[in-house]
Each structure stands twice: as C-alpha cells, then as structure tokens.
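**Q** Coordinates for the following, if possible.
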Amino acid sequence: MRAVPLVLLLLSAALGEDSSPEDIQTLHDRYRMEHRDHTLSDVESYRTLDMALKLTVDMEMEQITGEVVQRFVKLRPPASYTHLGLERGLVLDVGEAVSVRSVEDADTGRALSHGVECTKTYNGDAYTGVMRCALVVEEGLEGVGEFSLRIHYSVSNATSALHFIPPHQTHGGARSFLVSVTQPSNTRGWIPCQDTAAVKFPFRAEVTVRGPYRVLMSGLQAGRPVRVRGGAWTRTSFEQALPVPPYLIAITVADVQSVEVVKEGGIPMRVWAERPVLQALKDSSLLSVMPRMMDICIAKLGQYPWGRYDVVITPPGYIFGGMEYPGMNYVSSTTLDLNRLSSRPNYAFTQMLAHEMIHSWFGDIVTPSYVGDSWLAEGITVFIEFEVMEELYGEEVGMFIRRKKFTSLKTAILGYSERSRVLTPYLFHKHPMEGLSYVTYNKGALFMEYLVSVFDRPAVEGMLRKFLERFYFQSVDTEDFLHVLREAIPQTIWTIEEELTEWLRLPGTDIPMELFPSDVFDFCSVLYQVFTRRKIKEADFNIKDIADVYLYGNGTMAHLAPTIHKQIIVVLERLGKAASKKGMTKSRINGWKKLANRLDSFFGFSKIYKTDPYTFTAWVTLALAVNHTSTEEVLLDYLEHYGRVEMVYAVLGATEKTVLRQQMAEVLATKHNLVVYPGYIERWLKLFVEMFRVE
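**A** Presented below is the predicted three-dimensional model:
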C-alpha cells in the first residue's frame, strides 16, 4: 500500500467522511496548481476554450490597446469574492501594467461587475516577493455551461511581458523592436487570462500597427496584411488552431524582412531579421542547416504539426538567447559571429536553433503543467539537442557539447542551495523563473543520459516517442513521465526506483564525466597551458598558430577550425576564474595583465564586442580582473548595446572599480528597461543601480 501524504489526509478531513478518492485527488491537483504554478485562476471551476484578440500597437507610445474575447466552460460553482462586492466570479490573472476599462458578456453585450486585487507574497525578505493580481468577474451564469467575455484593456510599456527594444539595441538603429517575454507564466502582463500551462486552447488575433512594421505571431497568418485608416496603418490577422498554453501566445512587431529557406516538399520555413543581419545570413550557408535539422527532429520525434517554421533573429537588446513560440522561434543575434558566418561552423547559432526547434515537440506539444516540472521541457530538449548536434556535425562535437554543459552544471550548483538543486523544485512563494535554472536544463539532460546508461539509447528514445503520443497536445507532470517510463521499460525499471527518487526529488547531482569522453574538450586544457606559457609535451604549437585558425581558419592548426571557437570560449572562462582569485601577489597580478595584453594583441578580443559578443563575454572576466584598458574603454558601449541576461551579468560582476560600477549603473538606469527582466534578476539589477548610481 502506498503511503498517503499528510496534505491528502488534511484534505480528506476537510471534505468529510463521504469523500471519494477522486475528490481528494482533484483537490490535491488544485493544491499543487495554486502553490507551484503561480496563478490565481481557478481552473477547477473554469476552463478557457478559446481566445480572440483585436489589438492596436502604437510603437511610438509603446503601448497596446484593444480587446480580448475569451470563451470559457464553467465546471462547478466557484468561490465567492464578497470583499470585491461580488457573490461569485471568474478569476483571471492580470499584470500590474494592464488597465482593464470594461468587461461585458460577449454574447449579449451586458456590462459585468468586476474588480482587480493585487497581493504581494514574501519568503523572508522583500527581494523574493511575488506580486500577483487577479481580475475577478461576476459572470452571472446559473449552474454550469459555456459563456464568453469581452474585456477592453490597454497595456503600457511598464509591463514585463512586452519588451519594446529601443533603437540603440537593434541592428537597424532607427526603430524599436517589440518582442514577447512571457515564459514561464507572464502572459498576464499583456492579456488578462488563466495564466497557467495547465490550460491549453486555440486563439485568433487581429493586430493593427502604424508605420513600416511587420507583425508576426505564434500562429499562422490568415491572408495578406491589409492597409487601413487611409493607408497609414496595417492590419494583419492570425490563427492558431492548435491548443497552446498562454505563455506560448506571442507577438513580434518590427521593421524586419525575410528570406525563405527552400526545401522541396519540406516544412515551409522563413527567417525574419533586420536588414543588416538578413543580408549577412543570405551571404552565408548557415540557413541551409534548418531543413536538415528539421528532418532529423521529425525522424526522432514524429510529425511537425505547426504548419510552418519561422525564425525571428532578435536584436542585441533581447534579454534571452531564444524562445520556442510555436511556428515562430526566437534566436538572438548574439549567437552569430557576423564577421565570419561563412568561414566556420556557427555552433552557438545552430545549437540555439536546435534547442528552440526541439521545443516544437517538448514544451509546445507536450507542456509541463507546473513550473516546478519544467525539466520535462527543458531537460529533455537539451538531451535531444545533443543528439541533433551530433548528427549534424559528428560524435566528437556532440560529446564536446555534453562535457561543456555538464561541467558548467558542476560549477554552477556549488552556489545553489539544496532546495535549488532539486530537479522538481517546490516553488511556493518563489518567482516562477526560479524554476528555470542550470538544474532544470542540464541536470534534466543528465538524468536522461543516466537513463541511457542504464537501459540504452533506442529504448529511451522509444519511450520519449510514446510519451509524446500518449500526451499529444496535453499538459503533463513528472508523474505522467514516470508512468510512461515504467510502462515502456517494464522488465527492468523496478531496479532503479530508488535512483529515480534521488534524481527527481533530492538535491544530489552525481556527474559521471567518464560517460562523456571528449578529446576536443580535453584539448582545452592544453590550450590553457599554452596560453599561460607552460611547457607541456602535447603542445607543438604556439598562440600565433591558434590565432591563425581562430581568425582565418588556416595555418598549421587548421584541423581545429570546426571547434576552435567553442574551445577558445572554454579557455577564456577558465582564465577569467583563475585571474579573479583573491589574495594574489603583485607579481602574479602583473603576470595576468601581460597575458591579457598578449592575447588581445593576437586575437583582438577587445574589438569584437559588436560582431562576436559570445566570445567577448567570455573574455570580459579576465580583462576586467586585470583592469585591461582597451576592454574598459568599450565596456559601457557594450553594456548599452546588449540586453541578454548572461552578458549583462558577466559585465556587472567582473569589476570592482567604483568609478566603472557607477558608470555601468548609469547605463542600466537610462538605457535599459529593467522591468522586462524576470523577477529576481530585475531586483538584482535595480539593487545594483541603487548601490552605485550617482544622482
């Protein structure tokens, strides 16, 4: 007999002696939803069936106005909200920057009573608080059944869900670039809704914008854009007929152009980007990888259902590396080395592209219901990402990427609390973004590699296909995954039941690096020794030889060309950590300064911040640790230009110079919209500004 959790016993007592196990399970599911998914919506009483948006986007004023019509089914009587003057009501999540003007019955036009209430939760201190707002509407429906609401509202640029990237953080430099920032449960910041991945529904949209902007959404465009209002405005319609969770409803408004990626008989593909980036991509062979990658994914995961596959190359100001909106993936231009797109494989771009494309299945089709189960999307996606990169570029590249990911995990978790090391964290009173960490991505992938080591790769891949088939377009949790795992591998799964609990519920992270042998990764240690002028037998080359292959792809070490870019990044990260150690002697510090100057003279690291920000970010820690003048001179321009979280963090944490910190605080305060950064990151950045900005 399985032990009954205490919470179920308490819920059973609350229900009474006549309660059935089904009732208890329903309340338990609700308990998990309310405390782990950060929504105030009562999805046990109401469910969204579909949504229709009619919006106007003003790029100059940076605001959206319009209406949303949502159809719901009422499953049972909801709770009462007498403190808002409502006897009972439908609860929707809504952001603080959303202004609700009116709510009406969409079928009859009757105005409905409604109210908004916000609460702040705490967990010890103000910086871990989560603000949650609820729109409560008296729907007036007796009994159960379907009904529709029309909500008129507006959204200001104070929302964290829409990022109006300013011109100075784009490649065009003339116009703003609007992107959605909705993961994992932030759609409420631009649409009042049941903002939880536990519900999925189709949507339609009609978006009007003024000026030379193109509107894109995570749905298929319905017809051509239409000129309206005397031709100054453009109206574009979209439809997503497949059910998606709210966080996958996305909008992009930008001055972009596109190129079609052609493969006869394949999935229609198009890449959207600002003119300078698109031209560089056209002149390279980089886009040819997209159809090959899609074929690999379909062979592994089954039919691609989203109709077409578009990629939006987001500008430098975008705060993430990518995002998996259905049929409209984001990939940051920071993954591109724009000066050398044709001279070497661009693994940063293709790896990010692979990650977002795989999400078309894990995340978009099968979606974790709770943020605490996000490993089901992110960890499994990283696991398959390894395999896709391996099929594209060979086993050695696949193993190198595995070693790099798991080495980063091993380092990162040293600073994590035990609670944060758990693969399925309990996030009560925590910001939802805390459910998306190195652990979610890399420990999740490591767990899948563990399953491969116990069984074999074909068995695990077959289990994943069954998981997709069983829960096609449904929301799932870890128990659903374990059910399919036990069903797919019934003969031997019982032998690792204890290990499954350790992997999923406990903080331990055993990383058996011997499972991922990589000569390419091990060679990074040789490069490190050569860079620091230590004589070793394996090295029959010097820094100039490495610089030649890195910069030009030729020379005596030309065989390293396919991987040297990633290897250099690994070495720079190691050098940065070593140079940042406290308590070094003056002679040792001078030695690191000479090394930084020497590397910069060969590789030009301080000059690549606008063309190869990935490598520059790895270089920053070493350069700032030794007060490298050439790097410090471009640092503020770099910080002003880029918004990606990892890059901003790298710069802010790499210097202790008070004057430089004051200058960086000024850039953050005046050139960045800090609101769009997820909760705890926003608070950290604002704290940095408060500490160092000189008014």
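
**Q** residues touching G231, list them.
**A** Contacts for G231 (Cβ atoms under 8 Å, 6 or more residues apart in numbering) come out as none. For glycine as for every other residue, the C-beta is placed from the backbone atoms N, C-alpha and C.

**Q** Got phi/psi on it?
**A** phi 90, psi -10 (degrees, to the nearest 10).

**Q** Got the phi and psi for D283?
**A** Dihedral pair for D283: phi -80, psi -10, per degrees, to the nearest 10.

**Q** Give me the neighbour count for it.
**A** Neighbour count of D283, defined by other Cβ atoms under 10 Å: 10.

**Q** Same question for the one 4 residues further on.
**A** Neighbour count for L287, taken as other Cβ under 10 Å: 19.

**Q** ok, for it, nearest residue in space, not its chain neighbours?
**A** Excluding the flanking residues, the one nearest L287 by Cβ to Cβ, 6 or more residues apart in numbering is V261, at 5.2 Å.

**Q** partner residues bridging that neighbour?
**A** Assessed by DSSP bridges, V261 has beta-bridge partners M269.

**Q** Would you check that it makes contact with L278?
**A** No: counting by Cβ atoms under 8 Å, V261 does not reach L278; the two are 12.0 Å apart.

**Q** Now the common contact residues for these two.
**A** Counting by Cβ under 8 Å, 6+ apart, the common neighbours of V261 and L278 are V271.

**Q** neighbouring contacts of the helix or strand hosting Y330?
**A** According to DSSP states H and E, Y330 maps onto strand 328-332. Contact with strand 328-332 is made by 179, 216-218, 250, 252, 309-314, 316, 318, 320-323, 349, 352-353, 356-357, 359-360, 644, as judged by Cβ under 8 Å, 6+ apart.

**Q** rewinding a little: how close does the residue nearest to L287 sit to G591?
**A** As judged by Cβ to Cβ, to the nearest Å, V261 and G591 stand 49 Å apart.

**Q** So the two - more neighbours on which side?
**A** Counting neighbours by other Cβ under 10 Å for V261 and for G591 shows that V261 has the greater number, 21 against 16.

**Q** returning to what we had before: pairing partners for the strand holding Y330, with directions?
**A** strand 309-314 (parallel), strand 322-323 (antiparallel).

**Q** Next, count neighbours for the residue lying closest to F72 once chain neighbours are set aside.
**A** Spatial nearest neighbour of F72, excluding adjacent residues (Cβ to Cβ, 6+ apart): Y46 at 5.0 Å. The tally of other residues near Y46 (other Cβ under 10 Å) stands at 25.

**Q** Then the one 5 residues further on?
**A** Applying other Cβ under 10 Å, we find 21 other residues in the vicinity of M51.

**Q** can you confirm it is in a strand?
**A** Yes: checked against DSSP: H, G, I helix; E, B strand; the rest coil, M51 lies within a strand.

**Q** which residues touch it?
**A** 68-71, 191, 193, 201-204, 249.

**Q** So what sits opposite it in the bridge?
**A** Q70, F203.

**Q** from here on, count from 39
**A** Got it, the first residue is 39 from now on, which makes the last one we talked about M89.

**Q** how much space between it and M255?
**A** For M89 relative to M255 (Cβ to Cβ), the value is 12 Å.

**Q** list residues touching both of those two?
**A** Contact criterion Cβ under 8 Å, 6+ apart; residues bridging M89 and M255 by contacting each: I287.

**Q** how near is the residue nearest the centre of the chain to V349?
**A** The chain has M361 as the residue nearest its centroid, 5.2 Å off, counting by Cα atoms, centre = their mean. As judged by Cβ to Cβ, M361 and V349 stand 11 Å apart.

**Q** Which neighbours do these two have in common?
**A** Common contacts of M361 and V349 (Cβ under 8 Å, 6+ apart): 367-368, 394.

**Q** what about stretch 405-419, distance to the chain center?
**A** 12 Å (Cα atoms, centre = their mean, to the nearest Å).

**Q** I'd like the shared contacts of M361 and V349 written out as a markdown table, with distance to V609 added.
**A** As requested, these are exported to a markdown table (distance: Cβ to Cβ, whole Å):
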| residue | distance to V609 |
| --- | --- |
| N367 | 30 |
| Y368 | 29 |
| E394 | 28 |
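
**Q** which one of these has the most neighbours?
**A** N367 (26 neighbours).

**Q** beta partners of it?
**A** Applying DSSP bridges, one finds that N367 bridges with V349.

**Q** okay, it: pLDDT?
**A** If you check N367, the pLDDT there is 97.

**Q** mind checking how far it is from D402?
**A** For N367 relative to D402 (Cβ to Cβ), the value is 10 Å.

**Q** One more: K443?
**A** For K443, the distance to D402 - Cβ to Cβ - is 22 Å.

**Q** got it, and G365?
**A** From G365 to D402 the distance is 9 Å (Cβ to Cβ).

**Q** which neighbours do these two share?
**A** Counting by Cβ under 8 Å, 6+ apart, the residues touching both G365 and D402 are W344.

**Q** circling back: spatially, which residue comes closest to the residue nearest to the centre of the chain, not counting chain neighbours?
**A** Of all residues not flanking M361 in the chain, Y368 sits nearest, at 4.1 Å (Cβ to Cβ, 6+ apart).

**Q** Quick check: that neighbour vs V686, distance?
**A** From Y368 to V686 the distance is 18 Å (Cβ to Cβ).

**Q** go on, I102?
**A** 26 Å.

**Q** and if you look at P250?
**A** For P250 relative to V686 (Cβ to Cβ), the value is 30 Å.

**Q** who's more crowded, those two?
**A** The neighbour comparison of P250 against V686 (other Cβ under 10 Å) goes to V686, with 25 against 12.

**Q** Doesn't the more buried one belong to a helix?
**A** Yes: the assignment for V686 (three-state DSSP) places it in a helix.

**Q** Can you point out the buried residues in stretch 335-352?
**A** 335, 338-339, 342, 344-345, 347-352 (16 or more other Cβ atoms under 10 Å).

**Q** And for stretch 498-506?
**A** Quick answer for stretch 498-506 (16+ other Cβ under 10 Å): 498-499, 501-502, 505-506.

**Q** repeat for stretch 138-158
**A** Those would be 138, 141-144, 150, 152-154, for stretch 138-158 by 16+ other Cβ under 10 Å.
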